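# Provide a 3D model corresponding to the input given below.
(2 chains)
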Amino acid sequence: AQSVAQPEDQVNVAEGNPLTVKCTYSVSGNPYLFWYVQYPNRGLQFLLKYITGDNLVKGSYGFEAEFNKSQTSFHLKKPSALVSDSALYFCAVSPFPNAGKSTFGDGTTLTVKP
Amino acid sequence: SQTIHQWPATLVQPVGSPLSLECTVEGTSNPNLYWYRQAAGRGLQLLFYSVGIGQISSEVPQNLSASRPQDRQFILSSKKLLLSDSGFYLCAWIRTGGGANYGYTFGSGTRLTVV
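Numbering: from 1, shown residues only, chains lettered A, B, ... in the order given. Now for the predicted structure:
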């Protein structure tokens, strides 16, 4: 079985400050990890993925994520937050590198204040 | 380019009525297709997935069913809706085969309210 935990329902940061959205995972095999963003009443949009290789993964809109195998974490980060980054963020884990049958976390609402 | 279409965008249905939500993908062939439900704007629950025409796998026993009558068409149905079927339904696809992968590509969703 696989699972994902996003321990924070809400993250608030000021514009220009760095942001971190936390994610921990549990999987029996190799972890294939993904981050998505959702704007109100819309479908999710893919941000980035970790399949193998470098622990720091860069994705869309200036986001990056750090894979830490020993801590089973895959935290989403951005050096300088924008107000337009405010949205709902989901971490997901899949038993397949193509994301099939992904299990999603409950989501973290990011609010960036001007 | 590949696109995914989902309709309708919103739907209000009475308890006991039937349901049909449709999802189509353009610009690709033999996609893997998925139905997820998002309750209360939070986590997603995988309902069904399909790796080919007529091939449906159900992840959660429930009041819903799915069908894939064509390669790029995925339908979510119910014969009699329950109040608990309310939610935001998302269709998604992923590429099969080699090459770069980008995780799921989601449709814009259907907001279903059962009254």
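
# Taking chain B, what residue is nearest to chain A?
In chain B, no residue comes nearer to chain A than residue B:106, which is 3.3 Å away by CB to the nearest CB. Using the backbone N, CA and C atoms, a C-beta is placed for each residue, glycine as well.

# For chain A, which residues are neighbours of chain B?
A:34, A:36, A:41-46, A:49, A:88, A:90, A:92, A:97-107 (CB under 8 Å from any CB of the partner chain).

# Now restrict the residues you listed to buried residues only.
Neighbour counting by 16 or more other CB atoms under 10 Å in any protein chain shown classes A:34, A:36, A:42-46, A:49, A:88, A:90, A:92, A:98-107 among the residues of chain A next to chain B as buried.

# wait, what's in contact with the spatially most central residue of chain B?
Geometric centre of chain B, nearest residue: residue B:35, 3.1 Å, by CA atoms, centre = their mean. Residue B:35 makes contact with B:23, B:46-49, B:66, B:74, B:76, B:89-91 under the criterion CB atoms under 8 Å, 6 or more residues apart in numbering or on different chains.

# Residue B:62 now?
Counted by CB under 8 Å, 6+ apart, residue B:62 has contacts residue B:47.

# And it, how far from residue A:43?
Residue B:62 sits 21 Å away from residue A:43, taking CB to CB, to the nearest Å as the criterion.

# I'd like to know which residues of chain B are adjacent to chain A.
Residues of chain B lying close to chain A (CB under 8 Å from any CB) are B:6, B:32, B:34, B:36, B:41-44, B:46, B:49, B:59, B:88, B:90, B:92, B:94-96, B:101-109, B:111.

# ChimeraX command to pick out the buried ones of those residues?
With 16+ other CB under 10 Å as the criterion, this ChimeraX line picks the buried residues out of these:
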select /B:6,32,34,36,42,43,44,46,49,88,90,92,94,95,96,101,102,103,104,105,106,107,109
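
# Narrow the residues of chain B next to chain A to those in strands?
In strands, judged by DSSP state E, the following of those are found: B:6, B:32, B:34, B:36, B:44, B:46, B:49, B:88, B:90, B:92, B:94, B:105-106, B:111.

# hmm, which two among the residues you listed are most spread apart?
Spatial extent of those (CB to CB) is set by the pair B:32 and B:111 at 24.4 Å.

# ok, and the closest non-adjacent residue to residue B:1?
residue B:27 (5.5 Å; CB to CB, 6 or more residues apart in numbering or on different chains).

# Contacts only, for that neighbour.
B:1-3 are the contacts of residue B:27 under CB under 8 Å, 6+ apart.

# most surrounded residue in these?
residue B:2 (13 neighbours; other CB atoms under 10 Å in any protein chain shown).

# isn't it right up against residue B:105?
Yes - the pair residue B:2 / residue B:105 is scored as a contact, 6.9 Å apart, by CB atoms under 8 Å.

# Since that was my last question, I'll sign off now.
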